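In: predicted model and sequence below, questions to follow.
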Amino acid sequence: MNWGLTILLLVPIVGALIAALMPLRQIGGVAAIMTLIQVGFLIPIVLDFKIGTELTGFVDELWLPELGVHYSLGIDGLNLFMICLVVLAWSIATFAASRHEFAQPRMFYAMLALAEVGTLGAFMAQDLILFVLFFDLLLVPFYFLIGMWGKDTELGNSRRATATFMIYTLVGSLLMLVCAVALGVLSSTQNGTPLTFEFADLAANQVGNSTQNWLFVGFMLALLIKMPIPPLHGWMPITYKATPLPVLIVLSAVVAKLGAFGFLRIVMPLMPHAVDSFQPLLLLLAVIAIIYGSVMAFSQDDTRLVVGYSSIAQIGFVLLGIFVIDAKGAEGAILQMINHGIVVIALFLIIAFLGERAGSEKLSEMGGLAKNAPIFATLFLIVALATLAMPGSMNFVGETYILFGAFQTKFVWGVVASIGVVLAAVYMLRMFQRSMHNRGSAGDEATNSRSRELDSGELGLLVPAVLVILALAIYPQYVVERVEPNAAQTVKSVTQPAQPVALDTDGGVER
Amino acid sequence: MNISWYIALSAVLFSIGAGGLVARRSPLVMLLCLELMLNGANLSLVAFARMHGDGGGQIFALVVMVVAACEVVVGLGLIVALYRNRLPIDIDELDHLKDPQKADSAL
Amino acid sequence: MNTLIAVASTVKAPSVEWNTLIPYFVLAGGAIVTLFASLIAGRTAQRGLVPLLAVATLIASGVFFAIGLHDLDANVLSGALRVDDLARVFSLLFIASALVSIVLAWRSPTLQDFGRGEFYSLLITVVLGMALLASAQNLVTVFLALELFSIPLYVLCAADLRREGSLESGIKYLIIGSLGSATLLYGLALTYGATGSTDFAAINVALSSAKIGDDALLLVGVALTFVGLAFKASIAPFHQWTPDVYEGAPTPVTAFMAVATKAATFALILRYTGQAILPIVDHWQPVLAALAVVTIVVGNLGAMGQKSLKRLLGYSGVAQAGYLLVGVVVSSALGARATVFYMLVYLFMNVAPFAVITARERAGAGEGFDGLRGLGREAPALAWSMTISMIALSGLPITAGFIGKLFLIEAAVDGDYAWLAVVIVLGSAMSLVYYLRVVAAMWMGADATASSVASGDAVLAGASPEADSSKHPELVAIAVLAAAGSVVFGVWPGPLLDLARDAAISFLQLVA
Amino acid sequence: MITAITPILAHAADFAEGARPEDPAMWGWILLLTPLVGALILGLGHRIWSERVAGLIGTAAIFLAFGAALACLAQLLGMDAEERHVLSGFTYAQAFGVDFRFDIYYDQLAVMMALIVTGVSALIHLYSMAYMKSDRGYTRFFGYLNFFVFSMLLLVLAGNMLLLVIGWGFVGAASYLLISFWYRRSSATRAGAKAFVMNVIGDVALVIAAYLLWHELHTLTIPTLLANADDPFTVMPTATFTAVALLLLVGAFAKSAQVPLHTWLPDAMEGPTPVSALIHAATMVTAGVYLICRMHPFIEISDAASMTAAALGTATLLIAATTALVQTDLKRIIAYSTMSQIGYMIAGAAAAAYSASMFHLMTHAFFKALLFMSAGSVIAAMGGIQDVRRMGGFKKAMPFTYIVFVIGALTLAGFPLLSGFWSKDEIISYTLHRGGAFTIIAAGMYIGAILTAFYSLRAVFLVFHGDPAPEAKELEGGHIAHGDHTNPATGEHEDTEVGFPGADHHIAEREGEMKVAMGTLAFLAIVAGFVQIPGVTHVIEKWLEPVFEDSRYADSIPSVSAQWIGLGVGAVIAITGIAIAYWAYMKNRGVTERWTERFPRANAFLLNAWYFDWLYDRVFVRPVAAFAVFCNKVIERFVVDGIVVGTTTLVKDGAERVRAAQSGLARAYALSIIGGTVVIALYFVVVGK
């Protein structure tokens, strides 16, 4: 057995355990340093990565023979950078968290680590049930993280936030569980093959067309809720407002990406026919997300919600890229997931810093900060420009590939989506200007002369994220070429399905 | 005699017992009603045993009688205990165990 | 006298397989011995000897079941009983459950008046009845075993004689339970009448050979039987006794009932549906499916908004019965295995909550939600066990509950009941509302979030009611053990899966 | 992520290798990167450098870049006339045949543009060293300016359509940064955002155009695209061609502030005056003209598109010129004149008068930068006030400024023999030569010319002649006025701490750097026209000829005599316009006020720039805002929350029912058992039968 990925998966928990042995005040710091160890484990994996569709570090052990479930992990172009993003996001989030004191820190960092395990596992899983298991596992840590350390807002107290988040994601996740099981079982009964849930086997033995259609609905709901895509985003505002920012960083930057990732990893290869038949609906939802998210983003006062709705718009682009069913679109979608993950990390750090300076996270109570924090303003500007997919950033590369894919297969949808690019400029500049430029509120005048610059600790959090943004902007090819074979393969699985099922018995699923 | 008469009678007995159980409030009478139900079943058992001509049903009936006796003993014991605790011997007043009608908290 | 003996010797006596029956005899004997031992006065005897005897009885019986009867697959007493893997696995389950109950009751102050001997003795009798039920394959044995475990349970529920609630629950359980028994009996009688046999195998033959399947007598009989069984298994709409009795009964008894009653009934349901009435599967499948849906919905809805944890667990038990029923509905080997597996897992998931309730009751905090406030800081070990149990009950990974649900879902889909799988998960989604409320009460009290690291230091330094839980090391130990089991079997469910497979195969091969 | 550095370093090594002296594009890379290096040095060391040093670094970087541009020129001159183009670069983001490469490409056109950009930039940097003195954001200003020059050069040198978009976006960002340079002014930040968003519209159009080109011609490399444009084997559908042309025009119009994407430019005057001179007059706004020239095969291939471009260019020049007649803000007058002049270039380029347009682009860069610089000098003397009605009589107080302003204004007006005269009239005669509908365009240009002459001299007369304003008097006495530091646009009190018009901002025209810059530009404004005198010199035409030789209209050149006739007409028109202005503002002061009173509506119409802002507010801004309110108030509340509330209510109600049934009454329980039994039994009997 190849232990590499398993170790990578378990490192966070070990780190949390080591941290838990420390005195209370040092837990955060130790936990943060522990996250750096993962980076050490990650580097050889990334370096060893060969361009192509072969799985790196592939593990495949029969876990539950009775149920056909395998413990199967692997890295390919689809998830390589998502895993890098996970490690980056958690490292930064843990360091950010260690700057604050949390009640019951042992539990906090343990839950944070558990969340990382779930996310890493879901990204690396090569077995459908294993994916769902990790996907559902995420509910546990986030329940505690939001419920115990969340704050009460005008949208409701933290309990309510937790409940809303849980109900939404749970319904989706559990529906996905049923559909995942059904997919495996029906694939086995319809094709007469042994019961298995491994992606490769399921892709080779697809279920009948009408079965795909109803299974697709379950997967779609779960993934759209996670992303989230309107009108299934009801959990987003209250959750974003209540969640502690370090947690929000990982929730928004990485966990939400699992939704889009699921479409690429599961839905497209395993249910190609359904993808084809649901394409118009998903395209419509994608465009709605882009426009609606943008419009909402520039009418929010709360910075978290600005970023939250902007994420909806951005993830709408990802969905568009996926469902134009074109290799360029898929490539762009993957790139955009990475890009957006990174900028969101930076944006939430910025919101945290803004909030500490303005005493509020509302735009209406901010302003004029650039005067006393020029470096902060500059870093924010870079992040804001990357977010709005300024040409020259990797976000632009991703968006361009998405749009190229859209133009290729669905020209009109692509053009409509382009409106989102313009609107992105509106909401990001609005947020930047309202916080950094103009005159501040009364508080700003009072502290006119005081420097509000980032201290070294804050710089240490924000600068790495910005450096990654810049590095990717300078040389996106490194990512682009590693993603390319998988993007091609994923789309090919839809345009040229493995083989049509000989007899579509449909299993008589409902009598 | 047709077997159906026996079955009909047993069904009537059983139903009377069930009806009495719902209608009466004294635990004592309710125990009586229960006995009625069991005996209804017994009647049919015996009748069926005759019909099939094997002893299984009759043995069954004997077993039921023993069990019924045990049940009554326990029931009476509980009634005594109720009495000793100065609790009302009225099943409708024994309603302290129930759901809160107002939710403890919203969802 | 001689003639009598001569007559007696000519009577065709049933063959008695003494070896096979040893574990049952051990239980029966143990119950009597324990009862008599309690006559010995003195604190040592009451607190030490009696429980020890009870535990020894249970363990001895368990050892015989597990080792002595290993790999045995036999009809006993002319087919009245069948000792096979199903019976064995479930008997061990009852014994384990009883042991948990004994641990919870060991230092309970509330059982003083009732008498310890009686308590333990009755408990063992209940186990005996359940063990018999799990191996029963004859209508007479079924009824007898059912009553053998039911009647002592009525008494046990009322064991806390001084408390009105306990008495109320006892009398309610008795009356409603007897109604259930009578209904069952009438159903059994009609079945006997229609098929002419009390033996499961013979009933199966009769049903598959003749056109009897459409006989109204038989169908009503089956219907009434189902009602009786549904009542015992807390399946809605016959579940209403459950929350009341759970709340009123002494907590150790509730803990025992929560798992063992359900398990015993489901062992019977599996045998009955999988063996006796399998030929008319098309008739009863929709009924059980509908019952499963109603049960899942009602159980989960009822559990919301409760103040009492025991009531909540009662309703949760109702919902879980609904999930278990799904494995029965599909009427397949996979379904049976899923049901058995879930039942085994259920044992682990249910211990910690009752241990916590017991601890809180003894601390004077009551068994309501209020009693849980701040438990996360006061007794982290208990709180963690409880948390894991709640997560497992709601079916989230990486607990055994997840594997159990996964198994049930797979069985449902495999049996063309995918929509029931959807109901299961929707029920699970609802269930999270109240399970997590419990977790929230322990960890997220208003003061929990506000407390700073500094106060956390004080708590860890021992300046807290932590000592309170250290008075009950056995409760903490058993809770932690069970919670650990929930997690371990969530990652490595192999052994339980094997047990479930063996149990399912053992009785299904009869009809196959 | 750390590992990402390894290949980057590896590539950097390749890159360095590629940029060795034998790399044909070495000077191009140096040209491109020098300003970036300058910007980085300024940005990273902003705490280290003193004002003086920062200014020197920034200015030196641009002078170096100018030198590199000259080297590029020399390199091209050293090549065969037909082979004067260089292409070099590396893979940037290439997948699925989308050859998104970082290629720089320069030929005669690019080098000419680069020379103009770096040359004017260098002078404006020089000017800024004095003008921005004591501004709190001095270093930042130079960092931005250097970044802008880098972006502009990226745009100019881009050898790949998407790289061009990057440059296009970068200049937009630089423009945004500089417009909202005084970020404490809400009017400045609003103007910045407006400019940025409108520019993004252009970016998006270019991306779509890039896609269509890629789709049809399978490459994004600009030289290959141009070479294949007329290739008979890659015939594009006409509709696609038209779409490409129109999309390119949208990009060009957004950047060059042409109707209908022009409303950001007047607002952009919120930026410091050197910015207006550099970005919003001399260089960035002319990028649209450059784009059309660069991609000319794709524009002229579609008659509809070129006609649209010509029509809109003319419309812009007329709208802007008429608006400029009545404006009271000095910088806005010049801004509208910029729009108007670019309208000439766009219309000219659309009429295939490419070299003429580029010629005008060059002369315009000189005189418009000059006008802005001298206006800046006046505004500084006024303590920040820009209202021409408050000004007057600065002739004596600021003689140097007066002279250069007059030179600039006359050049703009097309006064004979000054550079604007040659370039503008060349465009008009080329357009006239195309005939047909272009005759109307040319007529519009002549009308614009008379308006131009009028408003440019109006500014001269209002500012420098007449009764001296109090500030002018004070300056004569050697003092510099201090403004009241109120933002004229919003009335908000200025935060003088962040810069101009700051309390100790003593400039006007005293500083040497300013004088050198203005003097140089004044000289260029006078003499630059002599490179292209019909029948005499043809420097630009000859130089650019290889670039445009593939144009369909390459051979359609007006005769020398026709051009001279045009020049004559132009001279008459210019002088007429100047005369009218003299009559209205010198001889009969006050006559314009009477006109205003007589035609208040017309005045308001022009003053509000034909109500474009008002229209956009009603058509775009307000509906979108209303939609946002609708989303917030209706969709979020009823649809999105409705899902949650609906579900929870359903569940809550259900839970209440279940609890209500659990009454604690044993008999009720018994009843429900019996009821359930009956139902099940009935089912069995009914269905079983």
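Out: Perfect, thanks for sending it.
In: quick one: the strands in the chain?
Out: You didn't say which chain, so I picked chain A. A:56-64, A:69-75 (DSSP state E).
In: that's the wrong chain, I meant chain C
Out: Using DSSP E, strands in chain C cover C:74-76, C:81-83.
In: count the residues that sit near whatever residue of chain C ends up closest to chain A.
Out: Chain C approaches chain A most closely through C:V425 (3.5 Å), counting by C-beta to the nearest C-beta. Just so you know, the C-beta spots here come from the backbone N, C-alpha and C atoms, and that holds for glycine as well. C:V425: 24 surrounding residues under other C-beta atoms under 10 Å in any protein chain shown.
In: helices of chain B, start to end?
Out: Using DSSP state H, the helices of chain B run over residues B:3-23, B:27-52, B:56-84.
In: and the shortest one, what does it pack onto?
Out: Using 3 or more C-beta pairs under 8 Å, 6 or more residues apart in numbering or on different chains; DSSP states H and E as the contact criterion, the neighbours of helix B:3-23 among helices and strands are helix B:27-52, helix C:164-195, helix D:666-688.
In: can you redo those as CSV, where the extra columns are mean pLDDT, mean neighbour count and distance to chain A?
Out: Output for the helices and strands packed on helix B:3-23, formatted as CSV (pLDDT from 0 to 100; neighbours: other C-beta atoms under 10 Å in any protein chain shown; distance: least, C-beta to the nearest C-beta, whole Å):
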stretch, mean pLDDT, mean neighbour count, distance to chain A
helix B:27-52, 92, 22, 35
helix C:164-195, 92, 26, 27
helix D:666-688, 89, 19, 14
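In: circling back to that earlier point, and the helices of chain B as CSV, adding distance to A:R99?
Out: Shown next, in CSV, are the helices of chain B (distance: least, C-beta to C-beta, whole Å):
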stretch, distance to A:R99
helix B:3-23, 67
helix B:27-52, 67
helix B:56-84, 64
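In: C:A303 is nearest to which of those?
Out: Among the helices of chain B, the nearest to C:A303 by C-beta to C-beta is helix B:3-23 (27.1 Å).
In: for the record, mean pLDDT for the closest one?
Out: Mean per-residue pLDDT for helix B:3-23: 91.
In: could you list the buried residues of that helix?
Out: Within helix B:3-23, the residues that count as buried by 16 or more other C-beta atoms under 10 Å in any protein chain shown are B:6-7, B:10-11, B:13-14, B:17-18, B:20-22.
In: got it, and stretch A:413-427?
Out: Under 16+ other C-beta under 10 Å, the buried positions of stretch A:413-427 are A:413-414, A:416-418, A:420-427.
In: residue contacts, the residue in the stretch 151-300 of chain A that chain C sits nearest to?
Out: Residue nearest to chain C within the stretch 151-300 of chain A (C-beta to the nearest C-beta): A:L174, separated by 3.5 Å. Contact analysis of A:L174 by C-beta atoms under 8 Å, 6 or more residues apart in numbering or on different chains lists A:136, C:395, C:425-426, C:428-429.
In: rerun at 6 Å
Out: A:L174 makes contact with C:425, C:428-429, according to C-beta atoms under 6 Å, 6 or more residues apart in numbering or on different chains.
In: which among the residues you listed gets closest to chain D?
Out: C:A429 (9.7 Å).
In: can I assume that closest one is in contact with A:G172?
Out: No - assessed by C-beta atoms under 6 Å, C:A429 is found out of contact with A:G172, at 9.2 Å.
In: now A:A103: how far from D:F96?
Out: Between A:A103 and D:F96 the computed distance is 51 Å (C-beta to C-beta, to the nearest Å).
In: before we move on, what about C:R162?
Out: From C:R162 to D:F96 the distance is 81 Å (C-beta to C-beta).
In: comparing those two, which residue is more hemmed in?
Out: Between C:R162 and D:F96, counting by other C-beta under 10 Å, D:F96 is the more crowded of the two (20 against 12).
In: any idea of the pLDDT on that one?
Out: 90.
In: what are the ranges of the helices in the stretch 251-400 of chain A?
Out: Taking DSSP state H, counting those that start in this stretch to define them, one finds helices in the stretch 251-400 of chain A at A:257-262, A:268-270, A:272-297, A:303-323, A:327-358, A:374-387, A:394-409.
In: what about D:R601, how many neighbours?
Out: 7.
In: count the neighbours of the nearest residue to C:L123 once chain neighbours are set aside for me.
Out: Closest residue in space to C:L123, ignoring its immediate chain neighbours: C:A98 at 5.6 Å, by C-beta to C-beta, 6 or more residues apart in numbering or on different chains. Using other C-beta under 10 Å, C:A98 is surrounded by 28 other residues.
In: give the contact list for C:A98.
Out: Neighbours of C:A98 in contact, by C-beta under 6 Å, 6+ apart: C:58, C:123, C:127.
In: who wins on neighbours among those?
Out: C:V127 (31 neighbours).
In: so D:L361 is in which element?
Out: helix D:354-381 (DSSP states H and E).
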